[in-house]
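>>> Got a sequence here, can you build the structure:
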Amino acid sequence: MTSPTPLEVIQLVRSTQLQCRTAILLLNNHYFGRESSLAAQFNLDPVNYAEWRLGKVKPGQRYLGLSKERLLQEIDEICQLETPTNALLLFNLDIALAYLPYLDRGYVWEFLRDSFRKRRKALVITMPAQADHLLPDESSRCIWQSGGRLASVI
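So this is what the prediction gives:
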């Protein structure tokens with residue numbers, strides 16, 4: 001099975017042929033901190049999950065109250081942001097995934113792959129390539145990849 005290129009993945013999720021327009025780009029260490037440049041390269045609107053989430057914290061709030069349901073609700077909110085293009089590059093989501101229990105991470109990835117349907121914007125999520133414990137499990141990654149929705153940016 002050949003891996004799709006990042007451009008092929010982005011073109012696929014931007015098209016209207018998928019009901020669930022989500023994808024994963026695996027980044028090597030070279031791209032950390034350069035996600036906005038990567039977004040510009042692919043004409044995607046960058047959204048830093050960590051900054052967005054910090055903007056939601058109320059003064060004096062001590063806990064995030066993050067659960068798998070809450071995280072999916074937040075991702076849905078992010079996908080409704082008014083932006084110039086029809087696709088977002090969401091980065092630093094690994095911070096939230098690391099907060100969740102291990103089994104809840106699989107639920108989040110499965111929901112994003114199969115049930116996050118009919119959104120106005122395509123969603124491309126960047127993840128550290130070496131963060132196996134935060135990524136979908138191997139069999140799920142194969143599904144993402146065979147569907148043309150997972151690529152590595154080297």
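
>>> what ranges of this protein fall below the confidence cut-off?
1 (pLDDT under 70).

>>> Let's see that with 80 instead.
Low-confidence segments of the chain (pLDDT under 80): 1-2, 61-64, 154.

>>> Nearest the geometric middle of it, what residue?
Ile125 (2.2 Å; CA atoms, centre = their mean).

>>> moving C-terminal of the helix or strand encompassing it, what's the next helix or strand?
Taking DSSP states H and E as the criterion, Ile125 maps to strand 122-128. Next along the chain after strand 122-128, taking DSSP H and E as the criterion, comes helix 138-146.

>>> Which secondary structure elements does that next one sit against?
With contacts defined as 3 or more CB pairs under 8 Å, 6 or more residues apart in numbering; DSSP states H and E, helix 138-146 has these neighbours: helix 102-114. (Each C-beta comes from the backbone N, C-alpha and C, glycine too.)

>>> Let me see the residues that make contact with the helix it packs on.
Under the criterion CB atoms under 8 Å, 6 or more residues apart in numbering, residues 20, 22, 67-68, 71-72, 75, 97, 100, 123, 125, 133-137, 140, 143-144, 147, 149 lie in contact with helix 102-114.

>>> Count residues in the vicinity of the nearest residue to Asp137 once chain neighbours are set aside, would you?
Distances taken as CB to CB, 6 or more residues apart in numbering place Gly106 nearest to Asp137, at 6.3 Å, with adjacent residues excluded. Each residue near Gly106 was counted by other CB atoms under 10 Å, and the total is 15.

>>> What segments of the chain are helices?
Taking DSSP state H as the criterion, the chain carries its helices at 6-14, 35-41, 49-54, 68-79, 93-99, 102-114, 138-146.

>>> Thanks a lot, see you next time.
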